[in-house]
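Chemist: Provided below for reference: sequence and predicted model.
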Number of protein chains: 2
Amino acid sequence: MTIDLSKIEYFTEEDSVEAVTSRTSSQADERLTVVWAALVKHLHAFAKEVDLKQNEWDAGIDFLTRTGQICDENRQEFILLSDVLGLSMLTDAINNRELVGATESTVMGPFHVKGAPELPMGANISLDGKGESCLFEGSVVDRDGNPISAARLDVWCDNVDGYYDVQQPEIQPKWNNRGIFTTSEDGKYSFRGAKPVSYPIPYDGPVGQLLKLLGRHPNRPAHMHYIVSAPGYKTLVTHSFVDDDQWLTSDAVFGVKASLVAHFEKTPEGNTDWRSPFDFTLVPG
Amino acid sequence: MTIDLSKIEYFTEEDSVEAVTSRTSSQADERLTVVWAALVKHLHAFAKEVDLKQNEWDAGIDFLTRTGQICDENRQEFILLSDVLGLSMLTDAINNRELVGATESTVMGPFHVKGAPELPMGANISLDGKGESCLFEGSVVDRDGNPISAARLDVWCDNVDGYYDVQQPEIQPKWNNRGIFTTSEDGKYSFRGAKPVSYPIPYDGPVGQLLKLLGRHPNRPAHMHYIVSAPGYKTLVTHSFVDDDQWLTSDAVFGVKASLVAHFEKTPEGNTDWRSPFDFTLVPG
């Protein structure tokens, strides 16, 4: 066989994007074709803009490899990387543009676990009993303020030591600081738990090393996680943040929004040390 | 403590890049600061351009995690990913712009091993004796055509089954199809080996799945790898490609350049089945 060398589409720095994207088959999935072409374009633009050095490429390969290898069933380092890059919050923003009039969304984070216990209103999710206690309560309503019944609130937070139960399976009780509550016709919810505390994202791995090199701290301001869902409404993934937290202004993963900062008030007469009212507004979807 | 919420720099889709890059400490390494800022800018531009969906982000996290987890001492899936993205060739191009007048460079690939045997000129690197035999010979010269002495040629290639020795440690002899040759004053080199054959890059992992979805084949045209180095000259990483290979026009990793396609001629009278002359030109550096 004779190859006509003049017909080879050689890779050059100038035509690098076209050299790669022209290889995609016309039979490939349309959306994949678009996403892949954009990825190649922006990745090559990055490398060209910074004149990426060979040893920097080597360091990048090594970083990504270590990031993958530290992942296990309880550790998701690529989510952390996405978080500190702001990509998680950007994806959240892109996917929730239509939430006009709803409670604002924020990142899911890597610590949600499916299948938490279904609990009656008022139940206490703090199984280790550590930390200051808090009553969380409010309503789930639609944009007109009407109560939404059968709304599920899947809630989770860290304990007083700053760890989620899945980070300390041999120390914390299973399902510590987790629970699912379902509203009745009045749309109201309430539960007791530990007042969340601020904590560092796991920083003993590649992402922690990166933050250190960037001179960034790894801390997240204290927050309670919520997934609020109801039939006929768009599911909301969000947090409520504790309003006196020192890291509110510099959340390591950029998750804070003004509307998500909840009031926490001391309750000297109550059954708990604190009370935090917070309402959720859902939009149809 | 009271937090002035109006002072929080909230993350928004519009200001997403600034929200992230403004966190970098002024004490951070200057080059890291530049590379990080460019990475965040282009990554966010990618996500915005394609309106990255939440389930696509999920798929990306899963893909990167699996890519990291398949890596081990003999498998480097992130290099393969970089290769099929054209990023490896782009980095090569960026880092070798000054090689004017020299033999062109191409990708190192993931199969080089340091410490191959130092062999005398004319030695046979094919230890399994499989495939068609070939005499590789030529000169290492400077831009004026003067021979370069003490030039080291670190060479490696696959065997007739399309695998490097490190991919088949229990089948192939150690150092099969590898060797290091050093020129004397005439600048000439020669060695015998198997005529390289085309082969697929490892495609039983995430990168192979990606290629399949893109409708791209995983094959590389047959080639001999070279690292050519000499005191006072810039080290050259390159291949010579077999000139009758069907994949020359569509190398899965974009490594082919016209000047690197070597002539392979049948040698009915010789000690080997084939002969391939190829000269290397080095530039000072």
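Modeler: Thanks, I have it.
Chemist: could you use CA atoms for every contact and neighbour count after this?
Modeler: OK.
Chemist: contact partners for the closest residue to chain B within the stretch 51-200 of chain A?
Modeler: Scanning the stretch 51-200 of chain A for the residue nearest chain B gives A:Gly68, at 3.9 Å (criterion: C-alpha to the nearest C-alpha). Residues near A:Gly68 by C-alpha atoms under 8 Å, 6 or more residues apart in numbering or on different chains: A:Glu77, A:Phe78, B:Leu64, B:Thr65, B:Arg66, B:Thr67, B:Gly68, B:Gln69.
Chemist: need these in JSON lines (columns: secondary structure, pLDDT and distance to B:Ala19).
Modeler: Shown next, in JSON lines, are the contacts of A:Gly68 (DSSP: H, G, I helix; E, B strand; the rest coil; pLDDT from 0 to 100; distance: C-alpha to C-alpha, whole Å):
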{"residue": "A:Glu77", "secondary structure": "helix", "pLDDT": "96", "distance to B:Ala19": "21"}
{"residue": "A:Phe78", "secondary structure": "helix", "pLDDT": "97", "distance to B:Ala19": "20"}
{"residue": "B:Leu64", "secondary structure": "helix", "pLDDT": "98", "distance to B:Ala19": "25"}
{"residue": "B:Thr65", "secondary structure": "helix", "pLDDT": "98", "distance to B:Ala19": "26"}
{"residue": "B:Arg66", "secondary structure": "helix", "pLDDT": "98", "distance to B:Ala19": "30"}
{"residue": "B:Thr67", "secondary structure": "helix", "pLDDT": "98", "distance to B:Ala19": "29"}
{"residue": "B:Gly68", "secondary structure": "helix", "pLDDT": "98", "distance to B:Ala19": "29"}
{"residue": "B:Gln69", "secondary structure": "helix", "pLDDT": "97", "distance to B:Ala19": "31"}
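Chemist: tell me the pLDDT of A:Arg97.
Modeler: At A:Arg97, the model reports a pLDDT of 87.
Chemist: same question but for A:Pro110, I mixed them up
Modeler: 88.
Chemist: equivalent analysis for A:Gly101, please.
Modeler: Value listed for A:Gly101 in the pLDDT field: 86.
Chemist: residues contacting the closest residue to it other than its chain neighbours?
Modeler: Excluding its sequence neighbours, the residue lying closest to A:Gly101 (C-alpha to C-alpha, 6 or more residues apart in numbering or on different chains) is A:Arg143, at 6.3 Å. With contacts defined as C-alpha under 8 Å, 6+ apart, A:Arg143 is in contact with A:Gly101, A:Ala102, A:Thr281, A:Leu282, A:Val283.
Chemist: from those, which ones fall inside strands?
Modeler: If you go by DSSP state E, these have A:Thr281 in strands.
Chemist: would TSV of the contacts of A:Arg143 with neighbour count be doable?
Modeler: Listed next are those as TSV, based on neighbours: other C-alpha atoms under 10 Å in any protein chain shown:
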residue	neighbour count
A:Gly101	12
A:Ala102	18
A:Thr281	22
A:Leu282	27
A:Val283	20
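Chemist: between the contacts of A:Arg143, which sits nearest A:Asn159?
Modeler: Nearest to A:Asn159 among those, counting by C-alpha to C-alpha, is A:Thr281 at 27.0 Å.
Chemist: what sits against the closest one?
Modeler: A:Gly101, A:Ala102, A:Thr103, A:Val140, A:Val141, A:Asp142, A:Arg143, A:Gly145.
Chemist: quick check, the second one in contact with A:Leu282.
Modeler: Yes: with contact defined as C-alpha atoms under 8 Å, A:Ala102 reaches A:Leu282; the gap is 5.1 Å.
Chemist: which bits of the stretch 51-200 of chain A sit near chain B?
Modeler: Neighbours of chain B within the stretch 51-200 of chain A, by C-alpha under 8 Å from any C-alpha of the partner chain: A:51-54, A:57, A:61, A:64-69, A:71, A:78-79, A:84-87, A:89-95.
Chemist: filter the residues you listed to the buried ones?
Modeler: A:51-52, A:57, A:61, A:64-69, A:71, A:78-79, A:84-87, A:89-95 (16 or more other C-alpha atoms under 10 Å in any protein chain shown).
Chemist: re earlier: would you format the contacts of A:Gly68 as CSV with distance to B:Ala47 included?
Modeler: Converted to CSV, these look like this (distance: C-alpha to C-alpha, whole Å):
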residue, distance to B:Ala47
A:Glu77, 20
A:Phe78, 16
B:Leu64, 16
B:Thr65, 19
B:Arg66, 21
B:Thr67, 21
B:Gly68, 22
B:Gln69, 25
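Chemist: what is the nearest of the residues you listed to A:Val242?
Modeler: Of all the contacts of A:Gly68, A:Val242 sits closest to A:Glu77, with 25.6 Å by C-alpha to C-alpha.
Chemist: what number of residues lie near that closest one?
Modeler: Neighbours of A:Glu77 under the rule other C-alpha atoms under 10 Å in any protein chain shown: 26.
Chemist: who touches the helix or strand hosting A:Ala45?
Modeler: Secondary structure from DSSP states H and E places A:Ala45 in helix A:30-50. Helix A:30-50 is contacted from outside by A:16-17, A:20-21, A:24, B:34-35, B:38-39, B:42-43, B:45-46, B:49-50, B:85-87, B:90-91, B:94, B:214, using C-alpha under 8 Å, 6+ apart.
Chemist: cool, and stretch A:235-251?
Modeler: Outside stretch A:235-251, the residues that touch it by C-alpha under 8 Å, 6+ apart are A:103-108, A:196, A:198, A:219-229, A:256, A:260-264, A:278, A:282, B:1-3, B:5, B:7-9.
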